[in-house]
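In: build me a structure from this.
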Amino acid sequence: MEEVEKSPISIEEEDTEMGQGDVDENPKSNRKSSSDSESSDSEDEAEQNEQLLTLESELSTNPSNYDAHVQYIKLLRRRGEIEKLRESRENMNALFPLSPAMWVEWAKDEASLSKESDSEAVEKLYERGISEYLSIPLWCEYLTYVQEHDPKVRECLADGISKARNLFERAVTAAAAHVAQGSQIWDAYTQFEQAILLTIDQSDFQAKEKQVQRIRSIFHRHLSIPLANLKSTLLAYKAWELEQGNALDAESHNVDGIASHVASAYQKAEEMYNARAHLEERITRQDISESERFQHYMSYLEFEKSFGDPSRVQILYERAIIDFPVSSDLWLDYTRYLDKTLKAGNVVKDVYSRATRNCPWVGELWVQYLLCLERGHGSEKEISAVFEKSLQCTFSTLEEYLDLFLTRVDGLRRRISSARGDDVLNYSLIRESFQQAADYLSPNMKNTDGLLRLHAYWARLELKLGDDLIAARGVWENLLKTCGSMLEAWQGYIAMEIELGHINEARAIYKRCYSKRFSGTGSEDMCHAWLRFEREFGNLEDLNHAVQKVTPRLEELQLFRLQQESKSFIEATDQREQTLKKTAREKRKSGLSTIDEESPAKRQKNTSENQKKMHEKKNTQGQNLAEANDGEEKKGKVEKQVNERQMKETKLSNIRYTDQCTAFLSNLSFKAKDEDLRRFFSDVGGVTAIRILYDKFTGKSRGLAYVDFKDDERLAAALAKNKQMFLGKKLSIARSNPKHGKKESFALTAPGGHEDARNASGIDGSSESKESVEISKGSSVSQVPQSTAHKRVENIQLKGKNTFAVPRNVRPLGWTPNTPRTREEGDEKPKSNDEFRKMFMKT
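Out: Okay, here's the model as predicted:
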């Protein structure tokens, strides 16, 4: 035992002594080899030093690197640096639970360096190890160490025997129900008691009989638990009974000669083990993946839960955790089961402590840990320490942090409300927790329901527990600084004031927020809420004031909604047209490429086949053409109606507007007509034309207009009426400022390409023609000249009889220019699609 447990330093010293002996026996032959070994050792040492510095640097920058901790400990153990090794193990265990193998290694290293009088320090290491994981090998090492190194146990003194028995009973309670390895604990317990029996004086019959009964009881307990190798245990029990003078068949596996209660317990345990044997085989197989093993564990757990034995379920959970220590789903399932079934607070609290050490990134585990401490009546110091520790972890979502803060506040509120006597907590703890949460979450959770819920809860507790109205209002004001665009934040603030009966304060908040822009229909909802508030709580003067404030705001919002709907409709239409054009263009390209790639013979063959199939598809094509013609007729009717409307309103005249003496009007009432404007400018006089702009799709007024005057003198007089009230709205009047260098505009569009109309309506000038067409009633339109693109097309000459290969973007089939053009000799009129189809089929 001593040779096996030598420290790395003692091993190195032994190797050095052995090497020195070899050198003394044959110095000449070993001189060269020793020099080579020294050089290789120096190289290894230099490499180790470099690795050591790299790992130390990595751990200083990233202490949470688990693998770096493991490699650092291995390297220090190889080098024999004891003090650094202890420190590195303590540092790692402060952040992570160590594996059972690492605890065994640590305990053995310390045992090899310590004296028997210092065995207590090694025992503390074993205690720390068994508190983190349920490991049968670790328990066995612990029991063996106590028996071999504790003088009182080794000498079979009364205190030592009592200590060892207590330790064995702890091991039996914790791990003896382990189906696969539990027998190791029972066998070690039995061997220990049998060794005690041998030390009893043969003349002391009473003590000897008592020890025999103790051993028999351990055997009976062992045989009543479903474990592996139960038959071997039965044979060992029979052999032992035979040694005690009882006539039993030591080589038979039956229960003949055994007490009836022991036999029935054994048979029941054997049946239970047989029912679990296939499940044990699944979780111990080495040829399956980790996910499959995990699923086998979960199936095994469901099987055990069906029998309702919490101790067996708990041990199986512990076995699964050994294989999957960082599975958050497993820990969550384990803790939920314990919360539901076990009443032992210390056991559940210990499991939560281990769960948060293995999976510190899971916020739900920390939340349930805090609730577990509260259920167990934990002290404020203990709960606060766990809460502060949880804030040092990194969670995947901000909602987990919010849930953690709210759980902390919930616990403080409950204890403050129910505390009596000296256990009363100060409300300042709640205020500090809320402030800490707000400082941490506000920068990252702007305009979210979670932040609103936190502040609403805070304000309510300031009123109920803190009895501080000013503090409650301060909470809402701080929230509005961050979430001022949230309708619900203003509504919550107003609801608090109304609930307290502070009507004037609630009205003041309405006045602050009714003109703000909220998402969706929030702006309209706030305006209507103010009117409803004044009807229910205000007098007639307050209601009239609210109506005067809200009505223009609602009209403005209505105009904005119409503009947005028009814009979205145009964008959808444009997108659909672009998609159709793109699809048609791709079809044309694919058709042209297919014709170009075909050989003449194949093309002729395809042509003949198409002629044969043409008669079969004639009826279908006729139906399609009929449907297409119906669609074209409907489309033509719609276009005709639009043209008739435009022609009727513009009177087909050629009047042009140069805006040389024109006033631009905005914020115009939607109900205003030409006659209303003429009466408004009657004191000025000289009005020659009035053009009110209407929306293309809705036909409603856009609140914009142009008024032409005879001369600049009357225009100046009209501009002087700026900001005067007109039909209940303050009218804005400015001189029209058309773009320089542009062609003269006509009545069909906004005259002169006005920037005024575009800016006032909030629509970009480049897309004005798509979004709306301003139709001026009572004015006329001249024919729009041809665009430059059409002029370029007119200069292209089509030559030859076959126009099929001519690109489509040159000139559409059947297109004729507006201006007559003489056709040169040799040119032919482009054929229509039907003519080209007939020509193609004849070939």
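In: okay, now the unreliable bits of the protein?
Out: Low-confidence segments of the chain, defined by pLDDT under 70: 1-41, 116-117, 247-253, 344, 419-423, 591-659, 738-833, 836-837, 839-843.
In: residue nearest the centroid of it?
Out: The centroid of the chain falls nearest to residue 397 when counting by CA atoms, centre = their mean (6.0 Å).
In: now residue 708: phi and psi?
Out: The main-chain torsion angles of residue 708 are listed as degrees, to the nearest 10 and equal phi -90, psi 140.
In: look up how far residue 64 lies from the residue nearest to the centre of the chain.
Out: Per CB to CB, to the nearest Å, residue 397 is found 19 Å from residue 64. All C-beta spots, glycine's among them, are computed from the backbone N, C-alpha and C.
In: before we move on, what about residue 263?
Out: The value you get for residue 263 to residue 64, if CB to CB is used, is 56 Å.
In: comparing those two, which residue is more hemmed in?
Out: In terms of neighbours (other CB atoms under 10 Å), residue 263 is the more surrounded of residue 263 and residue 64; the figures are 16 against 11.
In: in three-state terms, label the residue of the chain most remote from its centre for me.
Out: With distances taken from the mean C-alpha point of the chain and given as CA atoms, centre = their mean, the most distant residue is residue 203, at 75.7 Å. Here residue 203 is recorded as coil under DSSP: H, G, I helix; E, B strand; the rest coil.
In: contacts only, for it.
Out: Residues counted as contacts of residue 203 (CB atoms under 8 Å, 6 or more residues apart in numbering): none.
In: state the helix or strand in which residue 373 lies.
Out: According to DSSP states H and E, residue 373 maps onto helix 363-375.
In: repeat for residue 490
Out: Using DSSP H and E, the secondary-structure element containing residue 490 is helix 487-499.
In: mind giving me the packing neighbours of that helix?
Out: Judged by 3 or more CB pairs under 8 Å, 6 or more residues apart in numbering; DSSP states H and E, helix 487-499 is in contact with helix 449-464, helix 469-482, helix 503-513, helix 522-537.
In: would you format those as CSV with distance to residue 715 and mean neighbour count included?
Out: Compiled in CSV, these are given as follows (distance: least, CB to CB, whole Å; neighbours: other CB atoms under 10 Å):
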stretch, distance to residue 715, mean neighbour count
helix 449-464, 54, 19
helix 469-482, 47, 17
helix 503-513, 39, 17
helix 522-537, 37, 17
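In: I'd say residue 130 and residue 138 touch.
Out: Yes. Assessed by CB atoms under 8 Å, residue 130 is found in contact with residue 138 at 5.8 Å.
In: ok, which stretches of the stretch 151-300 of the chain are helices?
Out: Across the stretch 151-300 of the chain, reading from the start of the chain, the helices by DSSP state H, counting those that start in this stretch fall at 151-154, 158-175, 182-199, 205-223, 230-243, 260-284, 290-305.
In: contact partners for residue 319?
Out: Residues in contact with residue 319, defined by CB under 8 Å, 6+ apart, are 134, 178, 283, 297.
In: check residue 56 too.
Out: By CB under 8 Å, 6+ apart, the residues touching residue 56 are residue 72.
In: report the secondary structure state of it.
Out: The three-state label given to residue 56 by three-state DSSP is helix.
In: gap between it and residue 62?
Out: In this view, residue 56 and residue 62 are 12 Å apart by CB to CB.
In: now swap in residue 578 and tell me
Out: 52 Å.
In: what residues does the helix or strand where residue 438 lies touch?
Out: Counting by DSSP H and E, the element that carries residue 438 is helix 428-441. The set of residues external to helix 428-441 that reach it, using CB under 8 Å, 6+ apart, is 398, 401-402, 405-406, 408-409, 412-413, 416, 450-451, 454-455, 457-458, 461-462, 465-466, 471, 475, 478.
In: so that helix versus helix 449-464, what angle?
Out: Going by axes from the mean of the first three to the mean of the last three CA atoms, to 10 degrees, helix 428-441 is angled at 160 degrees with respect to helix 449-464.
In: alpha carbons only: can I get helix 428-441 in PDB?
Out: Output in PDB follows, covering the C-alpha atoms of helix 428-441 (Å, rounded to 0.1, in the frame of the first residue of the first chain):
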ATOM      1  CA  SER A 428     -34.800  49.000   2.000                       C
ATOM      2  CA  LEU A 429     -33.700  45.500   1.000                       C
ATOM      3  CA  ILE A 430     -36.600  45.400  -1.500                       C
ATOM      4  CA  ARG A 431     -35.800  48.900  -2.800                       C
ATOM      5  CA  GLU A 432     -32.100  48.000  -3.200                       C
ATOM      6  CA  SER A 433     -33.000  44.800  -5.100                       C
ATOM      7  CA  PHE A 434     -35.400  46.800  -7.500                       C
ATOM      8  CA  GLN A 435     -32.700  49.400  -8.100                       C
ATOM      9  CA  GLN A 436     -30.100  46.800  -8.800                       C
ATOM     10  CA  ALA A 437     -32.500  45.100 -11.300                       C
ATOM     11  CA  ALA A 438     -33.400  48.400 -13.000                       C
ATOM     12  CA  ASP A 439     -29.700  49.400 -13.300                       C
ATOM     13  CA  TYR A 440     -28.800  46.100 -14.800                       C
ATOM     14  CA  LEU A 441     -31.800  45.500 -17.100                       C
END
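In: what's the angle between that helix and helix 469-482?
Out: Angle, helix 428-441 to helix 469-482, by the same axes, to 10 degrees: 10 degrees.
In: quick one: distance of helix 428-441 to the chain centre.
Out: With CA atoms, centre = their mean, to the nearest Å as the basis, helix 428-441 stands 24 Å off its chain's centre.
In: list the buried ones in it?
Out: Along helix 428-441, these residues count as buried under the neighbour rule (16 or more other CB atoms under 10 Å): 429-431, 433-434, 437-438, 441.
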